[in-house]
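*Asks:* Sequence first, then the predicted structure, then my questions.
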Amino acid sequence: MKKAFILVTTVLVSAFMANKGFAQEDELVRVFRWFNPTDQNYVTVADGEFQEGQLLNWNWKDKTQLFVAYRNPGPDRVAVYRWYNPHTKDYASVAEDEFTDDNMIKMGYTDKTLQFYALTRRGANTVDVYRWYVPKNRDWVTISEEGDTDNYYKKGYRRKTFQYFGIRRSTDASLYNQL
């Protein structure tokens with residue numbers, strides 16, 4: 001009887017610890033940038049927003065992982081929304097405190113969609129995330145600061161604006177305490 005109780009207890013504790021580990025891993029979401037050569041446009045997409053086949057079918061290419069963010073709200077996190085401008089075919093990822101909804105609508109953007117939650121404070125394993133404007137095709141591009149992003153200026157990008165902090169895009173990012 002004692003052995004059966006210990007065995008059941010061990011199995012339950014193991015299951016609980018495994019679920020707790022999955023919950024922490026499940027909390028993080030990878031964030032990617034895709035490029036559409038037809039429209040000369042970029043979009044920032046959190047893992048799970050669309051199926052990869054859908055994006056490829058819609059002519060999005062050059063998938064690049066930018067950083068890791070959170071799926072759920074929490075302390076020192078800001079909601080990030082994707083907006084779409086049907087006139088310029090531009091997708092912009094905007095933190096909730098950057099522009100009011102009214103300002104975005106006045107600029108021609110619609111279809112506000114929650115994407116993820118980003119950090120508002122720098123941590124040991126964080127990366128600065130900026131938005132650049134490309135006047136040639138009137139596109140906003142989200143870029144993580146993984147080195148010298150000022151080379152984008154030479155390519156015609158302008159108005160570099162700090163947005164928030166992402167978690168470095170390494171595969172072991174979940175092992176670090178982010179704050």
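*Replies:* Cool, the structure landed. Since the model is a prediction, treat every value here as computed from it, not as a measurement. Residues are numbered from 1 along each chain as shown.

*Asks:* Nearest residue to the middle of the chain?
*Replies:* Among the residues of the chain, residue 31 comes closest to the average C-alpha position under C-alpha atoms, centre = their mean, at 3.6 Å.

*Asks:* what's near enough to touch that one?
*Replies:* Contacts for residue 31 were tallied using C-beta atoms under 8 Å, 6 or more residues apart in numbering; they are 44-47, 65-69, 115-116, 166. For glycine as for every other residue, the C-beta is placed from the backbone atoms N, C-alpha and C.

*Asks:* ditto for residue 138
*Replies:* Contacts for residue 138 were tallied using C-beta under 8 Å, 6+ apart; they are 88, 90.

*Asks:* Residue 84 versus that one, what's the distance?
*Replies:* Distance of residue 138 to residue 84, given as C-beta to C-beta, to the nearest Å: 13 Å.

*Asks:* about what we covered before: any chance of the contacts of residue 31 in a markdown table with secondary structure, neighbour count and distance to residue 88 as columns?
*Replies:* Below are the contacts of residue 31 laid out as a markdown table (DSSP: H, G, I helix; E, B strand; the rest coil; neighbours: other C-beta atoms under 10 Å; distance: C-beta to C-beta, whole Å):
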| residue | secondary structure | neighbour count | distance to residue 88 |
| --- | --- | --- | --- |
| 44 | strand | 23 | 16 |
| 45 | strand | 22 | 18 |
| 46 | strand | 22 | 22 |
| 47 | coil | 16 | 26 |
| 65 | strand | 14 | 26 |
| 66 | strand | 20 | 22 |
| 67 | strand | 28 | 25 |
| 68 | strand | 26 | 29 |
| 69 | strand | 25 | 25 |
| 115 | strand | 19 | 19 |
| 116 | strand | 28 | 23 |
| 166 | strand | 26 | 25 |
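
*Asks:* out of those residues, which one sits closest to residue 129?
*Replies:* Nearest to residue 129 among those: residue 166, at 4.8 Å, using C-beta to C-beta.

*Asks:* how close does the closest one get to residue 70?
*Replies:* With C-beta to C-beta as the criterion, residue 166 and residue 70 are 10 Å apart.

*Asks:* what residues do those two have in common as contacts?
*Replies:* Shared contacts of residue 166 and residue 70, defined by C-beta under 8 Å, 6+ apart, are found at 118-119.

*Asks:* after the worst-scoring helix or strand of the chain on mean pLDDT comes which helix or strand?
*Replies:* For the chain, counting by mean pLDDT, DSSP states H and E, helix 2-27 ranks last in confidence among helices and strands (a mean of 46). Where DSSP states H and E defines the elements, the next helix or strand beyond helix 2-27 is strand 28-36.

*Asks:* For that next one, output the C-alpha coordinates as PDB.
*Replies:* What follows is strand 28-36, C-alpha atoms only, in PDB (Å, rounded to 0.1, in the frame of the first residue of the first chain):
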ATOM      1  CA  LEU A  28       6.600  32.800 -24.700                       C
ATOM      2  CA  VAL A  29       5.800  33.400 -28.400                       C
ATOM      3  CA  ARG A  30       8.300  33.900 -31.200                       C
ATOM      4  CA  VAL A  31       7.800  37.000 -33.400                       C
ATOM      5  CA  PHE A  32       8.700  37.000 -37.100                       C
ATOM      6  CA  ARG A  33       8.900  39.500 -39.900                       C
ATOM      7  CA  TRP A  34       7.700  38.500 -43.400                       C
ATOM      8  CA  PHE A  35       8.200  40.300 -46.700                       C
ATOM      9  CA  ASN A  36       5.800  40.600 -49.600                       C
END
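
*Asks:* Done for today, thanks.
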